[in-house]
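Engineer: Attaching a predicted model along with its sequence, questions to come.
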Amino acid sequence: MRTRAALCGGLAGALALLVAAQPAMARTAPCPVGIAKLDRSLRALPGATGVLSTIRRDPDSGEPVRRTVVETAGGTTLVVEQKNCTMWNLSVTLLTRGASPSEAELRLMGRALATTPLWRKWFAGTDAPDFAARRMIAPAARARMAAGAGYAVPLDSELVATGASSEALLAWVAGEPRSAPWAGMLTLTISVGGQ
């Protein structure tokens, strides 16, 4: 009798563990859209002095996230974050010491964009450095930057993925240069695929 009770208790425990583990197992299932290690290509960017890359899982979705930070000799920092699983998600952030990003910083951001699999697959016909330096920030947005105001604008009509649905958002946050190492943060977020 004791053996049967132990067997049933063990079976019940194993079933409870299996049921409780289902969401965790689903979150760690293979993702059809992978993430790439960009360290070597980002280390080759002009002025790059250091690269740090981390990989983790998003605590809410379970999607893999690879974040790569690039420091430059001029004090600019780039953060490239890939969060891909069932669709492509990319954020490239430029942390600038100036009141607004210089053309050289925007071109650097564009070069970082060009290294990503998302850009090469979905926007191959668009010159990333030229897009970042000349078309990404409209004149009205430049005026807001110069005034120290933050903004967020969709770039869906300027940046359209070939053969898939896509969304793009550009956001600028002005910082406090006296209390932070950067005066502003410019982030381009692109999502491709999904419904």
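Structural biologist: Nice, I can see it. Everything quoted here is computed from the prediction, not taken from an experiment.

Engineer: and Val92, what element?
Structural biologist: Assigned by DSSP states H and E, Val92 falls within strand 88-96.

Engineer: That strand pairs with which strands, parallel or anti?
Structural biologist: Using DSSP bridges, strand 88-96 pairs in its sheet with strand 77-83 (antiparallel), strand 184-192 (antiparallel).

Engineer: how about the nearest residue to Arg97, chain neighbours excluded?
Structural biologist: Of all residues not flanking Arg97 in the chain, Gly75 sits nearest, at 4.8 Å (CB to CB, 6 or more residues apart in numbering). Where you see a C-beta, it was placed from the backbone N, CA and C, and this is true even at glycine.

Engineer: Quick check: pLDDT value at the one you found.
Structural biologist: For Gly75, the pLDDT comes out at 90.

Engineer: And Asn84, by the same measure?
Structural biologist: Reported pLDDT at Asn84 in the predicted model: 88.

Engineer: one step back: using the three-state scheme, assign the residue nearest to Arg97.
Structural biologist: coil (DSSP: H, G, I helix; E, B strand; the rest coil).

Engineer: that older thread, figure out which of the strands paired with strand 88-96 is closest to Phe123.
Structural biologist: strand 184-192 (8.2 Å; CB to CB).

Engineer: Can you dump the C-alpha atoms of the closest one in CSV for me?
Structural biologist: Taking only C-alpha atoms (Å, rounded to 0.1, in the frame of the first residue of the first chain), the coordinates of strand 184-192 have been written out as CSV:
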residue,chain,number,x,y,z
GLY,A,184,20.4,62.9,-26.1
MET,A,185,19.1,59.5,-27.2
LEU,A,186,17.9,58.7,-30.7
THR,A,187,16.3,55.2,-31.2
LEU,A,188,15.1,53.6,-34.4
THR,A,189,12.8,50.6,-33.8
ILE,A,190,11.9,48.4,-36.7
SER,A,191,9.5,45.4,-36.7
VAL,A,192,9.0,43.1,-39.7
